[in-house]
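Engineer: Structure for this input, please:
(2 chains)
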Number of protein chains: 2
Amino acid sequence: MTDDLRERMRELCHRARGAARVVGLAPTATKNAALEAMAGELLAARQAISKANERDLRRADEAGVTAAFRDRLQLDEGRLTAMERAVREVADLPDPVGAMQGPERRPNGLLVGRMRVPLGVILIIYEARPNVTADSAALCVKAGNAVILRPGSEAFDSSAAIATAVRRGLARAGLPEDAVQLVPTTDRAAMLALLAEDELVDLAIPRGGEGLIRFVTEHARVPVVRHYKGICHLYVDDGADLQQAIDICYNAKVQRPGVCNALETLLVHRQIAGELLPPLAARLREAGVELRGDATTRTLVPGALSATEDDWHAEYLALILAIRVVDSIDQAIDHIERYGSRHTEAIATRDPGRAERFLREVDSSCVLVNASTRFNDGGELGLGAEIGISTSKIHAFGPMGLEALTTQKFVVRGEGQTRR
Amino acid sequence: MTDDLRERMRELCHRARGAARVVGLAPTATKNAALEAMAGELLAARQAISKANERDLRRADEAGVTAAFRDRLQLDEGRLTAMERAVREVADLPDPVGAMQGPERRPNGLLVGRMRVPLGVILIIYEARPNVTADSAALCVKAGNAVILRPGSEAFDSSAAIATAVRRGLARAGLPEDAVQLVPTTDRAAMLALLAEDELVDLAIPRGGEGLIRFVTEHARVPVVRHYKGICHLYVDDGADLQQAIDICYNAKVQRPGVCNALETLLVHRQIAGELLPPLAARLREAGVELRGDATTRTLVPGALSATEDDWHAEYLALILAIRVVDSIDQAIDHIERYGSRHTEAIATRDPGRAERFLREVDSSCVLVNASTRFNDGGELGLGAEIGISTSKIHAFGPMGLEALTTQKFVVRGEGQTRR
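Structural biologist: As a prediction, the model looks like this:
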């Protein structure tokens, strides 16, 4: 890495710090005005953003990307509208900054409380989804932070056009433009330089595929909140409501198979397998789902493929479902402990005791009773919007909303107390 | 690093994971019984622990360590008693595990709550204080975690003897001994292997000097909560109660100068400097404090040394105080922003508006009004006990008590809801 690049990245971080100090102390109304102005500037810049997106798409086509990749990259009218609306919706969310916990009085008379404060400078590293630029900017600024955005090279032009509009919005509201900065190069060395600045960057959030997240985790000296895979499980308990279990399984697998909270492995209690699996398999197959099962499953579902050890570890993100028949809830929980990714697991049951056991004992960011795994999402769980889903337990576990972009400091009021 | 060492460390982590699952689900009474049994076994093992400590001390003497280092290492009767008492006190603290936030009902009928759960496996890396072994074991187990202890080579024998007693206590209460494991080698390669296991270790907490913390931060792939330096400031405002300000400054600097929440830099408003500094300097000098000031300070305090740029950056951990005269609270806050370490800052003032400004605007883990910086401590702030003080803002900011050794997962109860 050249010293010059390192210096330029450090300078960018220092500008972010300065801006964070202003945004961190800005009143809620000013931050909301900035978000409204961002949305307005995004609307005004639609043509420029679309042109930039066309350039990104042309490069992608020349590189011969997959249809799914091209889809993530593309910003049509509908998506531009959704992006502007998402920014306005963040303005409507409650401001977490300044909220007090306590105070409580200590025996020596000190009043000790905790005040919610912004994190400071947040680095968002992402790949091909250009709308992450606007989403992240809105969430970080609303929580009083400055954000450094590092998009993938594929989405660079679109992201830069969006960032330009967002910065114009900040300026219009009287907040420093440097509260939102786009790293001007997609050179990996620049990202590495930023990931080393642990005195200037408070948090890095990688949003993208497993490869990106591992790379960031491996190289970062700044704190990272990670989201690896979602190998999500549904366990159908003996005595579950069959129709409900089928509906939940179908929804969790089929409704949007390419996302992290989609179902990957179904565990079925032996007592209910004979009744559940044939009609469930028929319904899933109608939707084009490929089934891979253990020996018992295969006797109940003729034509199901044989599941191997690899299938229990698989995050398919596709219309494939692994199925295993288990003897008990204990065996189901053990399977999840061994193969799960701590993302999302659900149980279908009519037994309150086993529901509580599952909720308590399964070590995942979101555990559900009689509901689809697809509900592990910031919006669905009531956070309003999310900047990612953490599967590491530090700082946040599960969807990260505005509050996860803040921390608490201790505030102490005394009348001259000294320590003995 | 040899594959064999890596394999042995991974095996140790796997044992910790298995134990964490048991301890994580253990009832409060069982965990408390284990802590009482640990304290009992520590008492029973006093002779063995003392002998091990003598071996460590002998090696330290041969290596010619400083008096302060030897003091940190030494376990006399008083310290052994204090160590046993500290374990019992953790048993008396409320159990954070299982506490529910919410639930709240979503428009679709889902009940969404958050349940406090243990982190899992915690790696504590420390240096010469053998009592960290018992403290960390008690706190981690009480919060439902397994802990991997990696003491410095200087304290290895003492720490091993303490860990043996602690494990005996766990077994006596019917909990797995592997909830507390000591890394059997102080080889740095073993520590590096542990720091790479980001799927098995949930958190690493380095406790020790800046060099250790930087080394861990640099090499860890597992999440790290850091505590760098404490360059703590007191700002004495125009119109402050002079006697109170002098008492606070004296206490913060003199009462225990070698710790991270001791005062290092005093900022004084120009209007009050002439009144405050001469009597304050006299009192500090009586206690042997060396004063280093800016030009104005030196005219008011004859004989004070000249403070250089380095002094504003210094964590002396000794009887030295840097003094700067400022024109306003703004200048004081700017100085802290520029030179501070986000650890602890205090203001002495009689003006409520400026007190609130200081509390709100100063970006430190603990900000105090009219109280000594020495109160930034888990026990003093009401957390009961602390495993460290975080100056990074992720996961915890300030003293980390039992709650900081847990996280929250989302628990969702439905009646068959699927996502549209």
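Engineer: Can you tell me which residues in the stretch 1-150 of chain A are near chain B?
Structural biologist: A:R21, A:G24, A:L25, A:G98, A:E104, A:R106, A:L110, A:V112, A:M115, A:V117, A:L119, A:G120 (Cβ under 8 Å from any Cβ of the partner chain). C-beta: built from backbone N, CA, C; applies to glycine.
Engineer: The fifth one - that's part of a strand, no?
Structural biologist: Translated: A:E104. Yes. Judged by DSSP: H, G, I helix; E, B strand; the rest coil, A:E104 forms part of a strand.
Engineer: That one reaches A:F410, doesn't it?
Structural biologist: No. Judged on Cβ atoms under 8 Å, A:E104 makes no contact with A:F410 at a distance of 11.4 Å.
Engineer: Now for the two: what residues contact both?
Structural biologist: Residues within reach of A:E104 and of A:F410 at once, by Cβ atoms under 8 Å, 6 or more residues apart in numbering or on different chains, are A:V112, A:G113.
Engineer: So between those two, which is more surrounded?
Structural biologist: Set A:E104 next to A:F410 and count neighbours by other Cβ atoms under 10 Å in any protein chain shown: A:F410 wins out with 25 against 12.
Engineer: Specify the beta-bridge partners of the closest residue in space to that one that isn't next to it in sequence.
Structural biologist: Nearest-residue entry for A:F410: B:C366, 4.1 Å, with adjacent residues in sequence omitted and distances by Cβ to Cβ, 6 or more residues apart in numbering or on different chains. With DSSP bridges as the criterion, B:C366 is bridged to A:F410, B:T344.
Engineer: could you flag which of the residues of the stretch 1-150 of chain A next to chain B are buried?
Structural biologist: Buried subset of those (neighbour count, 16 or more other Cβ atoms under 10 Å in any protein chain shown): A:R21, A:G24, A:L25, A:R106, A:L110, A:V112, A:M115, A:V117, A:L119, A:G120.
Engineer: got the contact list for the nearest residue to the fifth one once chain neighbours are set aside?
Structural biologist: Distance criterion Cβ to Cβ, 6+ apart; nearest residue to A:L110, sequence neighbours excluded, is A:G414 at 5.0 Å. With contact taken as Cβ under 8 Å, 6+ apart, A:G414 is in contact with A:G109, A:L110, A:L111, B:L368, B:V369, B:N370, B:A371, B:F375.
Engineer: Just the residues you listed: which are in strands?
Structural biologist: A:L111, B:L368, B:V369, B:N370, B:A371 (DSSP state E).
Engineer: Mind putting the residues you listed into CSV with distance to B:N131, neighbour count and pLDDT?
Structural biologist: Formatted as CSV, these follow (distance: Cβ to Cβ, whole Å; neighbours: other Cβ atoms under 10 Å in any protein chain shown; pLDDT from 0 to 100):
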residue, distance to B:N131, neighbour count, pLDDT
A:L111, 31, 16, 98
B:L368, 27, 32, 98
B:V369, 33, 22, 98
B:N370, 33, 23, 98
B:A371, 27, 31, 98
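Engineer: Among these, which one sits closest to A:V289?
Structural biologist: Proximity of the ones in strands among the contacts of A:G414 to A:V289 (Cβ to Cβ) peaks at A:L111, which lies at 59.1 Å.
Engineer: For the helix or strand of chain A with the lowest mean pLDDT, buried residues please.
Structural biologist: Ranking every helix and strand in chain A by mean pLDDT, DSSP states H and E puts helix A:67-73 at the bottom, with a mean of 89. Neighbour counts over helix A:67-73 (16+ other Cβ under 10 Å) mark A:R70, A:R72, A:L73 as buried.
Engineer: Apart from its neighbours in sequence, what residue is nearest the second one?
Structural biologist: So the one you mean is A:R72. In space, A:R72 is closest to A:A128, 4.7 Å off (Cβ to Cβ, 6+ apart).
Engineer: and that neighbour, how far is that from A:F156?
Structural biologist: 10 Å (Cβ to Cβ, to the nearest Å).
Engineer: Compare the two and say which is more crowded by neighbours.
Structural biologist: For A:A128 versus A:F156, neighbours defined as other Cβ under 10 Å are more numerous around A:A128 (24 against 21).
Engineer: Retrieve the pLDDT associated with that one.
Structural biologist: Turning to A:A128, the model gives it a pLDDT of 88.
Engineer: does it sit in a helix, a strand or a coil?
Structural biologist: Assignment for A:A128 (three-state DSSP): coil.
Engineer: mind listing what it touches?
Structural biologist: A:F69, A:R72, A:L73, A:G152, A:E154, A:A155, A:G208.
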